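A.B. asks: coords please:
(one chain, ligands or ions: 1)
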Amino acid sequence: MTENADEPARAAAGPASSEGAQASTAAVSRRRLIVGAAGTAAAGAALGAGVTAAVLGSNERGAASVPGASGTDSVDLTRSVPFYDQVHQVGIRTPPQRHCVYMTFNLTAGATQQSLQVLLARWSAAISQLVQGKSIGPIEPSRPDAVSVDTGEASGLAPASLTVTVGLGPGVFDDRFGLAAKRPALLANLPRIPGDVLQPGLTGGDLSLQACADDPQVAYHAVRNLARMVTSTAQTHWVVLGFGRASAGPGQETPRNLMGFKDGTRNVSTDVDYESFVWLKDADWMTGGTYQVARKVLMTIETWDFDRISDQQRIFGRTKLEGAPLSGTKEFDTPDFALKADGAHVIDQASHIALAAPENNGGVKILRRGYNFTDGLNSQGLLDAGLLFLTYQNDPQHFVGLQQKLGSFDLLNEYIRHVGSAIFAIPPSPKAGRYIAQELFE
Ligand code: HEM
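C.D. replies: Take a look at the predicted model:
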């Protein structure tokens, strides 16, 4: 058993699946590409540098002048991340891929314990195929009156480090399915939190799928096909299409959220912190699992974009380009929340990082794995975009405690609105030959 897919393994094209020739063809024919951020940036710069410089009157946006843009952050689309035999489900500690499709589901009125069991078994088998870059069944069935099992849009695409993380909501353990005795100890609906303006259509869910991949079409194909194979048991509830990861893994540069700030600088990253704050220990069948909180957070982007830079930096407590705490000069300098100048705190006590930092929250840390999202324009013609805020923690109260404070006092609140919310138990990774949460039915 491997410890985890922390470093995605380079999987050889697997043996032909039950689909036979079709699956193996898909597996070997998928495009093999290595796309470097540096390459993309360089190509863009070559095309646009002259025009951009002329319009801006400077080369301020040029890659060479941006701190941290070393160009080492590359993506290998041929990589695949194994699904079975990890201690923890993948897609949590796995270095964040570039895109994410996050979907929640509600179990239908006709769903039973047995149909839930079949759903989890079918999803597990299908995910194990998808992460290898294989289809989940015939795309072009031989019988003319047959319907495609796999919808086909990922045919020819590489695995792109696809991970699919499966979550079980509180509703799975209510009186409908006879599973109340196995409810994970800390799984309960989140309380109302100050500042919440949650929309029912973006809140809750009995199941969640978080599909992350370096190719958006691979992630979308996975969720679309997993949803399609269980329609009589689970109906789609809400979905967010995320891009531009807003957190970093080992060796990755810190990416930026849509407010233009680096996001994920001080995230959970060490083994000790994962053990202390993310993974569940001595938790019966959930040992090795964790809890996922999902929040859809809208940004009032047009207003933000006209806020002066000093205010933007005061709100986060960090500089915009380097991402340094206002008490220091470099991104990874430890913030000094006590430092004062002219009698005032250099990092505002109501700034986002001052309120969220472990130093000011009894040492509590949560693993953030956010993605930017956009839904285009809203009904007023304004940019409809924000942050899909995904966190993993071994105690949901760690999220709740932080958000109660942020929701009440954060300077950032002027520019954001929490409109979606859900919590899920994330079971450990299944062993080969088993399926996610099989222990529930034994
Ligand atoms: C749209 C919403 C949000 C935005 C744009 C945002 C952005 C940021 C940025 C730019 C940083 C500084 C860089 C870093 O250390 O990652 C940060 C830090 C952090 N954020 Fe957020 N964040 C948002 C929501 C939240 C929420 C809802 C929580 C928790 C309930 C949270 C918890 C944290 C924590 C724990 C840190 C690290 C603080 C530290 O240790 O210095 N954030 N966030």
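A.B. asks: Would the one helix or strand residue 297 maps to count as contacting the ligand?
C.D. replies: Applying DSSP states H and E as the criterion places residue 297 in strand 290-299. Yes - using C-beta under 6 Å from any ligand atom, strand 290-299 reaches the ligand at 295, 297, 299. In this view, the C-beta of every residue, glycine as well, is placed from N, C-alpha and C.
A.B. asks: Save those as CSV, and put in neighbour count too.
C.D. replies: Below are those laid out as CSV (neighbours: other C-beta atoms under 10 Å):
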residue, neighbour count
295, 26
297, 18
299, 23
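A.B. asks: just the residues you listed now: which is nearest residue 257?
C.D. replies: Lowest distance from residue 257 to the residues of strand 290-299 next to the ligand (C-beta to C-beta) belongs to residue 299, with 8.3 Å.
A.B. asks: Which residue comes closest to the closest one once chain neighbours are left out?
C.D. replies: residue 386 (4.3 Å; C-beta to C-beta, 6 or more residues apart in numbering).
A.B. asks: same check, this time on residue 187
C.D. replies: Per C-beta to C-beta, 6+ apart, closest to residue 187 is residue 425, 4.7 Å.
A.B. asks: where does residue 237 land in three-state SS?
C.D. replies: Secondary structure assignment for residue 237 (DSSP: H, G, I helix; E, B strand; the rest coil): strand.
A.B. asks: That one: neighbouring residues, count only.
C.D. replies: Applying other C-beta atoms under 10 Å, we find 19 residues neighbouring residue 237.
A.B. asks: Quick check: it touching residue 205?
C.D. replies: Yes - between residue 237 and residue 205 there is a contact under C-beta atoms under 8 Å: 4.7 Å.
A.B. asks: and the residue of the stretch 51-200 of the chain nearest the ligand?
C.D. replies: Shortest the stretch 51-200 of the chain-to-the ligand distance, computed as C-beta to the nearest ligand atom: residue-wise this is residue 193, at 8.9 Å.
A.B. asks: continuing past the strand holding residue 297, what's the next helix or strand?
C.D. replies: helix 301-305.
A.B. asks: Let me see the backbone angles for the closest residue in space to residue 377 that isn't next to it in sequence.
C.D. replies: Once flanking residues are discounted, residue 377 sits nearest to residue 384: 5.8 Å by C-beta to C-beta, 6+ apart. The phi/psi pair for residue 384 (degrees, to the nearest 10) reads phi -110, psi 90.
A.B. asks: got the contact list for residue 384?
C.D. replies: 298, 374, 375, 376, 377, 378 (C-beta atoms under 8 Å, 6 or more residues apart in numbering).
A.B. asks: for residue 415, same thing?
C.D. replies: Residue 415 touches 259, 299, 300, 303, 304, 307, 315, counting by C-beta under 8 Å, 6+ apart.
A.B. asks: For residue 363, see how far away residue 386 is.
C.D. replies: Counting by C-beta to C-beta, to the nearest Å, the gap from residue 386 to residue 363 is 29 Å.
A.B. asks: Which one's more surrounded, those two?
C.D. replies: The neighbour comparison of residue 386 against residue 363 (other C-beta under 10 Å) goes to residue 386, with 28 against 9.
A.B. asks: Am I right that the more buried one sits in a strand?
C.D. replies: Yes - per three-state DSSP, residue 386 lies within a strand segment.
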